[in-house]
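Colleague: fold the stuff below for me.
(chains A, B, C, D, E and F)
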6 protein chains.
Amino acid sequence: MTRLSNGKQILNQVDGAAADAVMASLKDIAPDVGNYIFEFAFNDIYSRPGLDLKQREMITITSLLTQGDTAAQLKVHINGARHVGLTQQEIIETFIHCLPYVGFPKVLNAITVAKEVFTNENDQSATNEPRD
Amino acid sequence: MTRLSNGKQILNQVDGAAADAVMASLKDIAPDVGNYIFEFAFNDIYSRPGLDLKQREMITITSLLTQGDTAAQLKVHINGARHVGLTQQEIIETFIHCLPYVGFPKVLNAITVAKEVFTNENDQSATNEPRD
Amino acid sequence: MTRLSNGKQILNQVDGAAADAVMASLKDIAPDVGNYIFEFAFNDIYSRPGLDLKQREMITITSLLTQGDTAAQLKVHINGARHVGLTQQEIIETFIHCLPYVGFPKVLNAITVAKEVFTNENDQSATNEPRD
Amino acid sequence: MTRLSNGKQILNQVDGAAADAVMASLKDIAPDVGNYIFEFAFNDIYSRPGLDLKQREMITITSLLTQGDTAAQLKVHINGARHVGLTQQEIIETFIHCLPYVGFPKVLNAITVAKEVFTNENDQSATNEPRD
Amino acid sequence: MTRLSNGKQILNQVDGAAADAVMASLKDIAPDVGNYIFEFAFNDIYSRPGLDLKQREMITITSLLTQGDTAAQLKVHINGARHVGLTQQEIIETFIHCLPYVGFPKVLNAITVAKEVFTNENDQSATNEPRD
Amino acid sequence: MTRLSNGKQILNQVDGAAADAVMASLKDIAPDVGNYIFEFAFNDIYSRPGLDLKQREMITITSLLTQGDTAAQLKVHINGARHVGLTQQEIIETFIHCLPYVGFPKVLNAITVAKEVFTNENDQSATNEPRD
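Modeller: From the prediction side, this is the model:
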């Protein structure tokens, strides 16, 4: 399997719908960046042994919260964290743990994104079966 | 048990020697900051349910790597991560996972600190029993 | 008085309406973070002697401007700065003073938020009595 | 020629329309900041010998991408980069080059702004003559 | 009086010795940057009405603490803060106030620099007359 | 040619000696990171068409200056910028151009690193032939 197709498969596991949206938005303007996301981020890094996908998404949302100006990426990876099995509570707890290291503003920003993601999720659950 | 004594006990579990050094350095100039580290960081946050200490140290070192200019704190918490049970490989893998999110410079900085911590650790092991 | 109730009282002095809004938004998803804002930020820190509330809000808006991605928090604390007695001119002057340290982009972002806050304030003054 | 009028002339070369908009928005609240943009940024810095305007805009958009929370300023300077002669491809290539240094989130944010600028540009070209 | 000579005079008031050292280190490699520090930072900004020098140094050290990787500049401006009349306690209190906004690592870094500056100061006082 | 060997060849063009040092330091602790530097940074990114190596190093040192806490990486890439043909003056001018975007502290930090690199270079030139 190529780096590209393997990366696609792993990103699909993490958050297929979001991945499709990001790739579609890059198609006309910077398609190579889409390929690097598959090949480098998801094939080379996410598929490494040593950490499971739940741990990897926990690290990802921590890094996104800490650097700031990442609401769009946090939305994708909070969804991704849910898809690989982290509970809503574990995600919020990850953000709360960052309080002594980054202060309140960045944590409040991340919680605001999580609230939006969880609300969408709960709305969908209302017409399907609950996931949490 | 008070917030202060409970925080002290938890920080002791994570990295007793480093904690003593930080507190000693704060004693004359800003002792209240030492107390807030015990009471807020370690009593209020680290002792919360929902995540175990291994997960908490993984989040901590990710946040420190991502914000940069934290070599001193990374040193304490890489040691802390080891004390609560993360392997050297899991720590390096956590840093490598950050590559697509923060780029090479911050990851290389964190690996440099880890290398120093692990070297000290191995030197001590040479005269005692190995830990990894 | 408890840390919680004392913190509530101080935050109320700084910006009661905004505080209520933040707490309400945290209620369902992360109520403990609301409590930490009262207990740690406003009881433990804001109520310390050594600096008055005008100085504290000047420091707060400087730190928010400097770290970036804090439009929501700047809005709360520009309002807070006004409530504790800083003039519109002192707030803008604080932002201008940051120019040599952070450059134009972050200062322009903060001025944009201040403009919105001051416009709301002036609109309300038009139907009440002016405050500045 | 004064620092002010010389700065105005250079900024006009880079992006006249955006410059007018920024100055208009600063007029009532912080007009001195507008003057500093002319006098310091554009007279003192942009008019220095040693680098041409294409190189200067390449450096500017790199610094804006890297610091984050600069969508408004990136919009002005991606337009500016186009006005002084950088192609759409050179701008995207500049952003892609930052991938190993800042990671994907900041690069994706900058590409999103570029896409919006280029779309506006192409819409205008459809009714005028193309520029690229 | 020119912008240059006025800026020199103000910087001299804030921290003459440190200013001389910075200028000397820039002399061979980037003397214009030294001039911009005098002309822009100290003439255009520090000499503005609306805030006094104590307030300006409080804002400066807050911005330096918040952005990180500024130990050299913090050293100059903690000295500067002392020269314009801030007490050691007010400087430490300014840093402590930043805890809820930036977290512990950056505050601990700033306190470490302050400790070094205050120790030098106290050593000199031991052979002269105390200043605090 | 493989991604690895091509990346090695390009990094060698930019700064062979520094590259060897970085790889050697990674060998025992995180050799894969060394490979990613060759394969992703230097093969995938630096070898892309659209920008030449002088432009790429100009972008690199701008990004490193802007993010801060990158003295080690700046040292490598100021050397690299020299090897691919940027003059000492163009490097300093790149840093000066960042002043309005990031403020003085980060620019002064970068100039300090450049001064050290240029001094080493000049010392070597004294016993060989000059390069600038």
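Colleague: pLDDT value on A:T127, please?
Modeller: What the model reports for A:T127 is a pLDDT of 68.
Colleague: let me fix that, I meant to ask about A:R131.
Modeller: Value listed for A:R131 in the pLDDT field: 49.
Colleague: again with A:D123
Modeller: 87.
Colleague: residues near it, how many?
Modeller: Neighbourhood size, A:D123 [other CB atoms under 10 Å in any protein chain shown]: 9. (C-beta placed from N, C-alpha, C; glycine too.)
Colleague: from C:Y101, how far off is whatever residue of chain A ends up closest to chain D?
Modeller: Going by CB to the nearest CB, chain D is nearest to A:D69 of chain A, at 3.9 Å. Here the criterion is CB to CB, to the nearest Å. By it, A:D69 lies 19 Å from C:Y101.
Colleague: the two: who's more crowded?
Modeller: More crowded of A:D69 and C:Y101, by other CB under 10 Å: C:Y101, with 29 against 19.
Colleague: the helix or strand containing A:N122 close to chain B?
Modeller: Per DSSP states H and E: A:N122 is located in helix A:104-127. No: using CB under 8 Å from any CB of the partner chain, helix A:104-127 stays clear of chain B, coming no nearer than 9.4 Å.
Colleague: is chain E within reach of that helix?
Modeller: Yes: Helix A:104-127 reaches chain E (CB under 8 Å from any CB) through A:104-105.
Colleague: in that helix, what's buried?
Modeller: Using 16 or more other CB atoms under 10 Å in any protein chain shown as the test for burial, helix A:104-127 gives A:104-111, A:113-115, A:117-118, A:121.
Colleague: quick one on the thing from earlier: so the residue of chain A closest to chain D is in contact with C:Q67, correct?
Modeller: No: in this structure, A:D69 is not within contact of C:Q67 by CB atoms under 8 Å, at 10.3 Å.
Colleague: ok, then the element right after the helix or strand where A:G16 lies?
Modeller: Taking DSSP H and E as the criterion, A:G16 maps to helix A:3-26. Sequence order places helix A:31-36 as the next helix or strand after helix A:3-26, per DSSP H and E.
Colleague: how about the residues of chain A by chain C?
Modeller: For chain A, the residues found near chain C under the criterion CB under 8 Å from any CB are A:68-69, A:92, A:95-96, A:99, A:104-109, A:111-112, A:114-115, A:118.
Colleague: pLDDT (mean, whole number) over stretch A:86-96?
Modeller: Regarding stretch A:86-96, the rounded mean pLDDT is 98.
Colleague: mind checking the SS state of the residue most central in space within chain A?
Modeller: Taking CA atoms, centre = their mean, the centroid of chain A lies closest to A:H77, which sits 1.1 Å from it. Under DSSP: H, G, I helix; E, B strand; the rest coil, the three-state class of A:H77 is helix.
Colleague: what sits against it?
Modeller: When contacts are counted by CB atoms under 8 Å, 6 or more residues apart in numbering or on different chains, A:H77 is found next to A:15, A:57, A:60-61, A:64.
Colleague: show me those residues that map onto helices.
Modeller: Judged by DSSP state H, the contacts of A:H77 include A:15, A:57, A:60-61, A:64 as members of helices.
Colleague: please indicate which of the residues you listed are buried?
Modeller: When the ones in helices among the contacts of A:H77 are checked for burial by 16+ other CB under 10 Å, the buried set is A:15, A:57, A:60-61, A:64.
Colleague: those residues into a markdown table, with extra columns for pLDDT and distance to B:S5?
Modeller: Shown next, in a markdown table, are those (pLDDT from 0 to 100; distance: CB to CB, whole Å):
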| residue | pLDDT | distance to B:S5 |
| --- | --- | --- |
| A:D15 | 86 | 44 |
| A:E57 | 98 | 35 |
| A:T60 | 98 | 36 |
| A:I61 | 98 | 33 |
| A:L64 | 98 | 35 |
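Colleague: now do stretch A:63-82: distance to the chain's middle.
Modeller: Using CA atoms, centre = their mean, to the nearest Å, the mean C-alpha position of stretch A:63-82 is found 6 Å from that of the whole chain.
Colleague: for that stretch, measure first residue to last.
Modeller: This stretch, stretch A:63-82, spans 17 Å end to end (CA to CA, to the nearest Å).
Colleague: can you check stretch A:96-110 too?
Modeller: OK, stretch A:96-110 end separation, CA to CA: 10 Å.
Colleague: quick one: distance of it to the chain centre.
Modeller: Centroid separation for stretch A:96-110 versus its chain: 18 Å, with CA atoms, centre = their mean.
Colleague: by mean pLDDT, flag the weakest helix or strand of chain A.
Modeller: helix A:3-26 (a mean of 89; mean pLDDT, DSSP states H and E).
Colleague: quick check: A:I61 vs D:T94, distance?
Modeller: For A:I61, the distance to D:T94 equals 28 Å [CB to CB].
Colleague: what's the answer for A:L74, then?
Modeller: Counting by CB to CB - A:L74 and D:T94 are separated by 25 Å.
Colleague: higher neighbour count, those two?
Modeller: Taking neighbours as other CB under 10 Å, A:L74 and D:T94 compare with D:T94 leading, 28 against 23.
Colleague: so A:R82, which state does it fall into?
Modeller: Assigned by three-state DSSP, the conformation of A:R82 is helix.
Colleague: distance check, it against chain C.
Modeller: A:R82 sits 14 Å away from chain C when distances are taken as CB to the nearest CB, to the nearest Å.
Colleague: please name the nearest non-neighbouring residue to that residue.
Modeller: Counting by CB to CB, 6 or more residues apart in numbering or on different chains, A:R82 lies nearest to A:E121, which is 6.9 Å off, once chain neighbours are set aside.
Colleague: with A:L64 instead?
Modeller: A:T70 (4.3 Å).
Colleague: separation between the residue nearest to the centre of chain A and chain E?
Modeller: Between A:H77 and chain E the distance is 21 Å, computed by CB to the nearest CB.
Colleague: tell me which residue of chain A lies closest to chain C.
Modeller: A:G68 (3.9 Å).
Colleague: just give the nearest non-adjacent residue to that residue, would you?
Modeller: A:G68's closest residue in space is C:D69 (CB to CB, 6+ apart), at 3.9 Å.
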